[in-house]
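**Student:** sequence-free structure coming up:
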């Protein structure tokens, strides 16, 4: 009978532990979502002020970027693309990101699906001004590092871009 009561107590303690730890994981996921949403908000502000160094600082060393056409860039290639475009951008008129979903990934990773959009005025290499408007949907894989959350991978799922009001591919 003593073993029966002890076994019952252990079962109750085990069940309570699972419930408590389960709530803790869900609360942590909510905390992680808030942290990542805050980083996206900072990235949006950085984009508006053309602080491309901050944008790059949110990427991990192993960062990859998969374009809608399937082309994959490593961090060096993605940074070079930003560096090439940055001098042409005269004004970022609007830029926004909305977190649509957050799911647990492998290890210390979180998979985030976003929608985003913006409007930018730029001058092309020939000196001609243009307005680019775009919106899209993407999947970002974030990893928690000793320096905080960093984007490990960005995958463009769909996008629409207009150059001077005309849709382009």
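**Tutor:** Looks like it came in fine. This is a predicted model, so every value here is computed, not measured.

**Student:** State the mean pLDDT of stretch 62-69.
**Tutor:** Averaged over stretch 62-69, pLDDT sits at 96.

**Student:** And the pLDDT for the one residue sitting closest to the centre of the chain?
**Tutor:** Centroid check for the chain by C-alpha atoms, centre = their mean gives residue 140 as the closest residue, at 4.5 Å. For residue 140, the pLDDT comes out at 98.

**Student:** Which strand residues bridge the nearest residue to it once chain neighbours are set aside?
**Tutor:** Nearest residue to residue 140, sequence neighbours excluded (C-beta to C-beta, 6 or more residues apart in numbering): residue 112, at 4.7 Å. Glycine gets a C-beta too; all of them are placed from N, C-alpha and C. Listed by DSSP bridges, the beta-bridge partners for residue 112 are residue 102, residue 140.

**Student:** Surely residue 112 touches residue 137?
**Tutor:** No. Using C-beta atoms under 8 Å, residue 112 is not in contact with residue 137, being 11.5 Å away.

**Student:** So those two - more neighbours on which side?
**Tutor:** Using other C-beta atoms under 10 Å as the criterion, residue 112 and residue 137 rank with residue 112 on top: 25 against 16.

**Student:** can you pull the contacts of that one?
**Tutor:** 36, 99, 101, 102, 103, 139, 140, 141, 142 (C-beta atoms under 8 Å, 6 or more residues apart in numbering).

**Student:** Please apply the same query to residue 90.
**Tutor:** If you count contacts by C-beta under 8 Å, 6+ apart, then residue 90 has 121, 122, 123, 129 around it.

**Student:** swap in residue 128?
**Tutor:** For residue 128, the contact set (C-beta under 8 Å, 6+ apart) is empty.

**Student:** For residue 121, see how far away it is.
**Tutor:** Separation of residue 128 from residue 121 (C-beta to C-beta, to the nearest Å): 12 Å.

**Student:** Point out where this protein drops to low pLDDT.
**Tutor:** Low-confidence segments of the chain (pLDDT under 70): 1-29.

**Student:** State the number of residues packed around residue 87.
**Tutor:** With other C-beta under 10 Å as criterion, residue 87 counts 11.

**Student:** What sits closest to residue 66 if chain neighbours are left out?
**Tutor:** residue 155 (4.3 Å).

**Student:** hmm, back to that, my read: the residue nearest to the centre of the chain touches residue 154, true?
**Tutor:** Yes. Residue 140 is within contact range of residue 154, at 5.3 Å (criterion: C-beta under 8 Å).
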